[in-house]
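Visitor: Take this sequence and fold it.
(one chain, ligands or ions: 1)
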Amino acid sequence: MSVRYIQPSCGLKGEIDIPGDKSISHRSIMLGSIAQGTTEITHFLKSADCLSTIGCFRRMGVEIEEKKEYILVHGRGLRGLTPPDGILDTGNSGTTTRLLAGILAGQSFSSTLSGDASLNSRPMARIIAPLNSMGADITSLNHDDCAPLRINPGNLCGIHYHSPVASAQVKSAILLAGLYADEETSVTEPSLSRNHTELMLQNFGACVTSTMHRDGSATAQTEPCRELFGQQILVPGDISSAAYFIAAGLLIPHSEILVKNVGTNFTRAGFLKVCESMGADITLVNRSFEGGEGRADILVKSSALKGTDIEGALIPTLIDEIPILAVMAACAEGTTLIKDAAELKVKETNRIVTVTENLKAMGASVTPTDDGMIIEGGAPLSGAHIQSRLDHRIAMSFAVAGLAASSETVIEDSQCVDVSYPEFFASLESLY
Ligand code: S3P
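Guide: Reported below is the predicted structural model:
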């Protein structure tokens, strides 16, 4: 049980170096492990979720060295993983569980994936159904379509899957299984979700293509693969982590923050678009590009924000930023409508519920809906007891809300930030 006390701030100043992107860090360990040769990963995110991924691959015989400046993965090739001697513990990590299920579906040994209570209550039918239709043999051990998952060997065939949700985890699980299939595999999603798997697979030598369709849907396709080849990867800073500092700089008067090394991949950068439509004073400088991934430093100055609509194809590009966007909306003038975001219900917590209960505790006017929320902004926030419910993004979003509030805020179970950003509170305090 850990608790953080947040005092109202009258201005934040300084620079923040943003830790590595969580999605890209996971994928770099996974592809590095099933590639031939070594993969060197710089600016890897050493958070609990990514350490779960490392732990799982170590249990399947992959040597992973943690050096001071980088991680070295000694890949075992596409078919070189060895049977684990027990359950693969995926902790709190949906990305580890779902993507790893895609890889394990193609192995010649049986395995079991299981995580913590939150993870084991998240929906897995979304990957079990398409992977089993490829010929995989995956069962939910408690017959509730959740983990623990038992994965037995099967011969995989290529499929063309139409996913009902825009989910990078679903898309990635199928593409990774598709490496082991007998024919090409494709996934069409209603709008484009983050494309890190496609970009990284291409860099590792797989034959992967992406197509956008006129109606906004998107298809990613992979050919079966003989081998992947180890790479050098420079992980950009995580825009989902940067979002808290951008929001803090905008909301707290007399602030000026340089948020450095932020990944700006367009499939992730919806948060920046919404900031602009809310009237934020943000400037992207020092832009660069490597491994298909863009990055920039972002200069943020305090701004008077106004409400906006957040919906449609924008949602998958900012799904993890909705809690902090809701905090920004509560402090903005006017109404913000968030819709088409029913996926919020199946994150680490039901974030429609956890955002609503905590914003209300701070005195904000918020109405939950079936696929989002409506926030009437402008009323000053008051300090409150925040229930993070062990959801890292709720703890960090409401720490920022606490800085903008008129009295002390208490964040319960604040250690859950370790899932994606262990140094979060230290970084925030460095700007006081
Ligand atoms: C992720 C995809 C998203 C996101 C999650 C990380 C990934 O989940 O919310 O934090 O790394 O692929 P969904 O695919 O369920 O939308």
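Visitor: any idea where the helices of the stretch 151-300 of the chain begin and end?
Guide: All helices of the stretch 151-300 of the chain, identified by DSSP state H, counting those that start in this stretch, fall at 168-178, 196-203, 239-251, 270-277.
Visitor: Looking at those helices, spot the one closest to residue 151.
Guide: Closest approach to residue 151 among those (C-beta to C-beta): helix 168-178, 10.5 Å. All C-beta spots, glycine's among them, are computed from the backbone N, C-alpha and C.
Visitor: Packing partners of that closest one?
Guide: helix 22-33, helix 94-104, helix 125-133, strand 185-189, helix 196-203, strand 218-222 (3 or more C-beta pairs under 8 Å, 6 or more residues apart in numbering; DSSP states H and E).
Visitor: Let's have these in TSV, adding distance to residue 414, mean pLDDT and mean neighbour count.
Guide: Listed next are the helices and strands packed on helix 168-178 as TSV, based on distance: least, C-beta to C-beta, whole Å; pLDDT from 0 to 100; neighbours: other C-beta atoms under 10 Å:
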stretch	distance to residue 414	mean pLDDT	mean neighbour count
helix 22-33	18	98	27
helix 94-104	21	98	27
helix 125-133	31	98	19
strand 185-189	35	98	21
helix 196-203	28	98	22
strand 218-222	37	98	22
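Visitor: how about a markdown table for the ones you listed, with distance to the ligand added?
Guide: Formatted as a markdown table, the helices and strands packed on helix 168-178 follow (distance: least, C-beta to the nearest ligand atom, whole Å):
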| stretch | distance to the ligand |
| --- | --- |
| helix 22-33 | 3 |
| helix 94-104 | 4 |
| helix 125-133 | 8 |
| strand 185-189 | 10 |
| helix 196-203 | 7 |
| strand 218-222 | 12 |
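Visitor: Can I get the ones you listed in a markdown table including distance to residue 280?
Guide: Shown next, in a markdown table, are the helices and strands packed on helix 168-178 (distance: least, C-beta to C-beta, whole Å):
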| stretch | distance to residue 280 |
| --- | --- |
| helix 22-33 | 24 |
| helix 94-104 | 29 |
| helix 125-133 | 34 |
| strand 185-189 | 29 |
| helix 196-203 | 25 |
| strand 218-222 | 28 |
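Visitor: Which of these sits closest to residue 422?
Guide: Across the helices and strands packed on helix 168-178, closest to residue 422 is helix 22-33 (C-beta to C-beta), at 11.7 Å.
Visitor: how far is the closest one from where the chain is centred?
Guide: In terms of C-alpha atoms, centre = their mean, to the nearest Å, the centre of helix 22-33 is found 12 Å from the chain centre.
Visitor: Please apply the same query to stretch 351-367.
Guide: For stretch 351-367, the distance to the chain centre is 22 Å (C-alpha atoms, centre = their mean).
Visitor: Pull the residues that contact it.
Guide: 322-323, 326-327, 330, 341, 344-345, 368-369, 372-377, 379-389, 391, 393-394, 397-398, 401, 405, 409 (C-beta atoms under 8 Å, 6 or more residues apart in numbering).
Visitor: right, is that stretch up against the ligand?
Guide: No: contact of stretch 351-367 with the ligand (C-beta under 6 Å from any ligand atom) is absent, the minimum separation being 10.0 Å.
Visitor: residues of that stretch that come out buried?
Guide: Buried residues in stretch 351-367, counted by 16 or more other C-beta atoms under 10 Å: 351-352, 354-356, 358-359, 361-362, 364, 366.
Visitor: Can you tell me which of these end up in strands?
Guide: residue 366 (DSSP state E).
Visitor: And the buried residues of stretch 351-367, which is closest to residue 8?
Guide: residue 362 (11.9 Å).
Visitor: Next one: the closest one, what pLDDT does it get?
Guide: As predicted, residue 362 sits at a pLDDT of 98.
Visitor: The ligand contacts on the protein?
Guide: Checking the chain against the ligand by C-beta under 6 Å from any ligand atom, the hits are 23, 95, 167-169, 172, 193-194, 319-320, 343.
Visitor: Mind putting these into JSON lines with distance to residue 112?
Guide: JSON lines is the format used below for those (distance: C-beta to C-beta, whole Å):
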{"residue": "23", "distance to residue 112": "24"}
{"residue": "95", "distance to residue 112": "18"}
{"residue": "167", "distance to residue 112": "23"}
{"residue": "168", "distance to residue 112": "24"}
{"residue": "169", "distance to residue 112": "19"}
{"residue": "172", "distance to residue 112": "20"}
{"residue": "193", "distance to residue 112": "27"}
{"residue": "194", "distance to residue 112": "27"}
{"residue": "319", "distance to residue 112": "28"}
{"residue": "320", "distance to residue 112": "28"}
{"residue": "343", "distance to residue 112": "26"}
